[in-house]
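J.: Sharing a model prediction with you, sequence too.
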Amino acid sequence: MSSRIVGWLIRHKERIRTIGVGLVVYEAFNYIYDYPFYLFALYYWGVIIGGTIAVSGSLLTNVALFWAYDRFKIDWLGAYALRELETEENKSRFERAAVWIGKKDKTLLEKILTTIVFVILLVRIDPLIVAVHFQKQHFRGLKAGDWMLLAAAVIVGNVWWLIQTGMLVTLARFVLRLF
């Protein structure tokens with residue numbers, strides 16, 4: 001078993017390095033943006049102005065990275081690698097679910113379920129990552145639908161984060177006023 005794992009790691013070391021480094025750097029940036037900056041913006045400028053500043057920064061960052069991901073064709077999010085699984089025969093449950101998300105021809109029920117999964121994923125996963133994984137195609141130029149997908153992801157993800165952090169900051173302000 002361990003020799004199979006080591007063999008797989010050796011065969012895929014370049015892809016692991018690309019995805020690993022990209023995700024670590026991106027998630028470190030997100031952590032700094034989501035916690036110190038987002039919370040500071042809401043506390044210092046208030047939920048409306050601070051929220052507008054934080055959401056605008058999130059939108060600009062995600063637009064730039066979405067464009068760069070497609071333009072430079074470096075699969076640091078692993079989305080293209082998942083699309084390559086479509087041709088493989090014996091997929092695990094996770095692989096089948098990942099391929100299902102990107103499936104082109106969907107029934108009405110599958111479209112509704114895809115929308116629900118999209119929203120649920122945005123509760124815990126960054127909007128850029130979700131948008132890239134939900135794209136129909138990768139590295140072939142960005143279409144209007146891709147940009148609408150990113151906009152929807154940024155809006156849903158930031159509304160959810162704004163509600164969470166807004167309540168936390170409002171509670172912190174209330175407690176600080178008591179003392």
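T.: Received the coordinates, thanks.
J.: Next one: the residue nearest to V21 when sequence neighbours are not counted, what pLDDT does it get?
T.: Using CB to CB, 6 or more residues apart in numbering and skipping the chain neighbours, the partner closest in space to V21 is W76 (7.2 Å). In short, each C-beta sits where N, CA and C put it, glycine included. With respect to pLDDT, W76 scores 88.
J.: do K104 as well
T.: 75.
J.: Using the three-state scheme, assign it.
T.: State at K104, reduced to three classes by DSSP: H, G, I helix; E, B strand; the rest coil: coil.
J.: Show me which residues of whichever strand or helix holds W160 are buried.
T.: Under the criterion of DSSP states H and E, W160 resides in helix 144-178. Neighbour-count burial for helix 144-178, counted by 16 or more other CB atoms under 10 Å, picks out 146, 149-150, 152-154, 156-158, 161-162, 165-166, 169.
J.: re earlier: need phi/psi at the residue nearest to V21.
T.: When read as degrees, to the nearest 10, the backbone of W76 gives phi -80, psi 0.
J.: Please tell me I have it right and it contacts E27.
T.: No. With contact defined as CB atoms under 8 Å, W76 does not reach E27; the gap is 11.2 Å.
J.: neighbour count winner among the two?
T.: Neighbour tally, W76 and E27, criterion other CB atoms under 10 Å: the higher count belongs to W76, 22 against 13.
J.: Against E110, how distant is the more buried one?
T.: Distance of W76 to E110, given as CB to CB, to the nearest Å: 28 Å.
J.: Check the gap between L128 and L113 for me.
T.: From L128 to L113 the distance is 22 Å (CB to CB).
J.: what residues does stretch 153-169 touch?
T.: 34, 38-39, 42-43, 47, 51, 54-55, 58-59, 62, 118-119, 122-123, 126-128, 130-131, 134 (CB atoms under 8 Å, 6 or more residues apart in numbering).
J.: Can I get it in PDB? Just the C-alpha atoms.
T.: Extracted in PDB, the C-alpha atoms of stretch 153-169 (Å, rounded to 0.1, in the frame of the first residue of the first chain):
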ATOM      1  CA  ALA A 153     -19.600  33.400  -6.400                       C
ATOM      2  CA  VAL A 154     -18.100  36.700  -5.100                       C
ATOM      3  CA  ILE A 155     -21.600  38.100  -4.200                       C
ATOM      4  CA  VAL A 156     -22.800  34.900  -2.400                       C
ATOM      5  CA  GLY A 157     -19.500  34.300  -0.600                       C
ATOM      6  CA  ASN A 158     -19.100  37.900   0.500                       C
ATOM      7  CA  VAL A 159     -22.800  38.200   1.600                       C
ATOM      8  CA  TRP A 160     -22.300  35.200   3.800                       C
ATOM      9  CA  TRP A 161     -19.000  36.400   5.200                       C
ATOM     10  CA  LEU A 162     -20.400  39.900   5.700                       C
ATOM     11  CA  ILE A 163     -23.300  38.500   7.800                       C
ATOM     12  CA  GLN A 164     -20.900  36.400   9.900                       C
ATOM     13  CA  THR A 165     -18.300  39.000  10.500                       C
ATOM     14  CA  GLY A 166     -20.800  41.900  10.700                       C
ATOM     15  CA  MET A 167     -22.600  40.100  13.600                       C
ATOM     16  CA  LEU A 168     -19.200  39.500  15.300                       C
ATOM     17  CA  VAL A 169     -18.100  43.100  14.900                       C
END
